[in-house]
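Peer 1: What would the 3D arrangement of this be:
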Amino acid sequence: MRRLLAVGLITVLLIGSLPALGATQSDAPTTPQTITTSQEFDDVEFHILVYDNGSAQWTFRYERTLANEQERTQFQEFAREFNNSQTDLYTDFQKNAVELTDTGGNATGRVMKAENFSKNAYIGGLNKNRGVVEMSFKWSSFAAQDSGAIVIGDVFKGGLYLGENQSLVVESEEGMAFESAKPVESRDMTHETLAESDTVSWNGPYEFNDQRPMVSFNSVQETTTVTGTTAPGAGGPPGSGGEEPNAQSPMMLFIAAVVLLIGLAAVFAWRQGGFGSLSSTQSTPRGGGGTTTPESSTGGAAKPAVSDEELLTDEARVKKLLRENGGRMKQVNIVEETGWSKSKVSMLLSEMEDEGEISKLRVGRENIISLDGHEPDAAGSPLDR
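Peer 2: So this is what the prediction gives:
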């Protein structure tokens, strides 16, 4: 059976009502003819614009070359009808989009919806020789939100297939930056680094693995600093509206110098043990040294801020769990033990399988996750525990 998203995309491609180009003037049709194969198009692009609320704008863009004036005239007639009336092509596109989001919702458990449909057909290209058809819709809850990151990929249950002359382009709205994009070996970027890139794309023919492509984004606002800036209307004389962000008044420079001197004096006093008698609540230095042992208000030693378990990476924690359970576990048990979401565990295990760190075996409705050398026998029970 064809995979989830492959079915949806190809279904949309196989429905069309573009004019049959290349006919002679004598047999040129007076109305657009139905085209039933995507081969009538030179290029097909699936464009995904991801928003920070998890929704995405999907745009299906079809292009083909118009070889002569007759073909341009025919396409103009088609575009006029397509843009100004409810054609079968657009109606079927809307129907397929709804089915696509319903299937994605069933695969992920999120409530999804297809809405805000739009369409446009026109002649473009540098030499006005390309017929372009665009249809788009908004896919709500398309991406998963995990620990502040926006992640797409879990809707591609079973993978995704791109055909010849087809491409998939992923873009985020302003204020978001790419964190990761897999598979790595086949992706194209607009800049040398992923974080600087505006889009990430893959070109067909190409067959993706389960839950691929997978792309995650972070908000660029998380790394923005406000050091050296002055709030409007503050820091300047009355009525000035504030200073420029990098400007510093003599008074501010003086205050900064005083703070620096106080800090240096404090460091010097600490090194000389001068703080030992400044506070009656501070413990007496032991052994005549100049430092004190941090203690809690109850007199006990302070506890570490984080546990050893929290210092482990997600991958290391999964492998530790597997080792503690004889080398293999059910995927659902990993979800229970870690307390992570199902989507996070699923995507993490897919990454680890790609890297060869674990193996995944489908048994009935469950996945059995194993370390190397602990895979279950095919003829025996997949999991004894």
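Peer 1: Following the chain past the one helix or strand in the chain whose mean pLDDT sits lowest, name the next helix or strand.
Peer 2: In the chain, no helix or strand scores lower on mean pLDDT, DSSP states H and E than helix 4-13, which sits at a mean of 45. As assigned by DSSP states H and E, the chain's next helix or strand after helix 4-13 is strand 43-50.
Peer 1: Pull the number of nearby residues for residue 190.
Peer 2: Residues near residue 190, counting by other C-beta atoms under 10 Å, number 12. Every residue, glycine included, has its C-beta placed from N, CA and C.
Peer 1: Quick check: closest non-adjacent residue to residue 52.
Peer 2: Computed as C-beta to C-beta, 6 or more residues apart in numbering, the closest residue to residue 52 that is not its neighbour in sequence is residue 176, at 5.8 Å.
Peer 1: what's the pLDDT at the one you found?
Peer 2: pLDDT recorded at residue 176 is 90.
Peer 1: wait, doesn't it sit right on residue 150?
Peer 2: Yes: in this structure residue 176 lies within contact range of residue 150 using C-beta atoms under 8 Å: 6.9 Å.
Peer 1: okay, and the common contacts of those two?
Peer 2: 50, 52, 217-218 (C-beta atoms under 8 Å, 6 or more residues apart in numbering).
Peer 1: all helices for the chain, in order.
Peer 2: Along the chain, counting by DSSP state H, helices occupy 4-13, 69-84, 88-108, 250-271, 308-311, 314-324, 331-338, 342-354.
Peer 1: Residue ranges in the stretch 101-250 of the chain under the pLDDT threshold?
Peer 2: 221-250 (pLDDT under 70).
Peer 1: Now do the domain split for the protein, please.
Peer 2: Following automatic domain parsing, the chain resolves into domains at 4-222, 311-370.
Peer 1: of all these, which lies closest to residue 376?
Peer 2: Checking those against residue 376 by C-beta to C-beta gives domain 311-370 as the closest, at 6.2 Å.
Peer 1: What separates the first and last residues of that closest one, distance-wise?
Peer 2: Length of domain 311-370, first residue to last, C-alpha to C-alpha, to the nearest Å: 23 Å.
Peer 1: same check, this time on stretch 198-218
Peer 2: 13 Å.
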